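[1] Just need the structure, nothing else, for what follows:
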Amino acid sequence: MAIIMKSKEAAEQVYATIRSQVEQLKQQGHRPHLATLLVEGDPASAYYARTKQKIAEKLGISFHLHTFDRHVREAELLHLIDSLNEASHVHGIMLELPLPRHLSASVIKQSIAPYKDIDGITPGNKLATVTGEAGLYPATPQACIELLKHYGHTLAGKNVTLVGIGQTVGLPLFHMLQRENATVTACHAGTRDIAEHLSHADIAFVAVGCPDVITSDMVHPGLILVDAGINETLEGKIVGDAAVDVGEKIHAISPVPGGVGTLTTAILYKNLLKAIELQQYSREVVYS
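    Predicted coordinates for the structure are as follows:
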């Protein structure tokens, strides 16, 4: 039976560091502030937004949830983002996705100031993720790597197979893994035999968003698997991308729920504090 790499302990460690940093900022007269935009219509987004609000309150972070009717005009959202970009007391902006079809997610994401984009969705931060330059990297890929390291696993020199190369998780994770000096093989919709690529992997990440992408006949006893998939079954159960019995055939696996997702929320607030550092540095450069 595989070692189950739960993330609760890793997340608590991140939260403990954040609480300490928030207290230091308060002593300097600053209180971190996160603005979240939620367009009604997606129950999961509403649940996640309110979960983040509860966590912010526990961390001592100011949180403002801006909720819009599902028929909101794009111009109204852009107007609010412009004002949040300019507001000095707002340090982070988060856009809950998905958006209704009449709204352009691309246009709205691009309107967020890069130094307040704590989810790493703007073009500037996506490029920074590729090049490794200073920026706010997407939270879920960071959580994948942090969870692995929390359990003492290193990436340098390892053969890593990445299954799923989407814009949100897989693609940024691909570049971040390379900077960890891993040898990365990326599997996507055109890959003919994923099992072949898993057969020589020390570590695998899966982020497809489809149940049972990885099955027990595709893995080997020495494999470490980080599952970043989150799927809801017809019965309402939350499952990952790996089949349930995969855990019986490999060395270690992250659970769903209780794995990457739990740590991702903590990383979002870590990004908020990094955003404050970047904003302070930006002001020092402008006024020096």
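[2] Are we agreed that residue 133 is in a strand?
    No: secondary structure of residue 133 (DSSP: H, G, I helix; E, B strand; the rest coil): coil, not part of a strand.
[3] And it, how far from residue 125?
    According to Cβ to Cβ, to the nearest Å, residue 133 and residue 125 sit 10 Å apart. To be clear about C-beta, it is placed using only N, CA and C from the backbone, and glycine gets the same treatment.
[4] Could you count how many residues lie near residue 209?
    Look at residue 209: counted by other Cβ atoms under 10 Å, it has 17 neighbours.
[5] which residues sit in contact with it?
    Residue 209 makes contact with 164, 166, 229-231, 241, according to Cβ atoms under 8 Å, 6 or more residues apart in numbering.
[6] Mind telling me the two of these farthest from one another?
    Spatial extent of the contacts of residue 209 (Cβ to Cβ) is set by the pair 166 and 231 at 13.8 Å.
[7] Same drill for residue 133 and residue 125, tell me which one is more crowded.
    Taking neighbours as other Cβ under 10 Å, residue 133 and residue 125 compare with residue 125 leading, 24 against 10.
[8] which ones are touching that one?
    Counting by Cβ under 8 Å, 6+ apart, residue 125 makes contact with 114, 117, 135-138.
[9] how near is it to residue 247?
    Look at residue 125 and residue 247: by Cβ to Cβ, they are 34 Å apart.
[10] close enough to count as contact, residue 7 and residue 256?
    No: the criterion here is Cβ atoms under 8 Å, and residue 7 misses it with residue 256 at 10.5 Å.
[11] Between the two, tell me which one has more neighbours.
    Just comparing residue 7 and residue 256: by other Cβ under 10 Å the higher neighbour count belongs to residue 7, 25 against 20.
[12] ranges for the helices of this protein?
    8-27, 43-59, 74-86, 105-110, 123-131, 139-150, 170-179, 194-199, 260-287 (DSSP state H).
[13] Quick check: chain neighbours aside, which residue is closest to residue 109?
    residue 121 (4.8 Å; Cβ to Cβ, 6 or more residues apart in numbering).
[14] State the distance from that neighbour to residue 71.
    For residue 121, the distance to residue 71 (Cβ to Cβ) stands at 23 Å.
[15] Lovely, talk soon.
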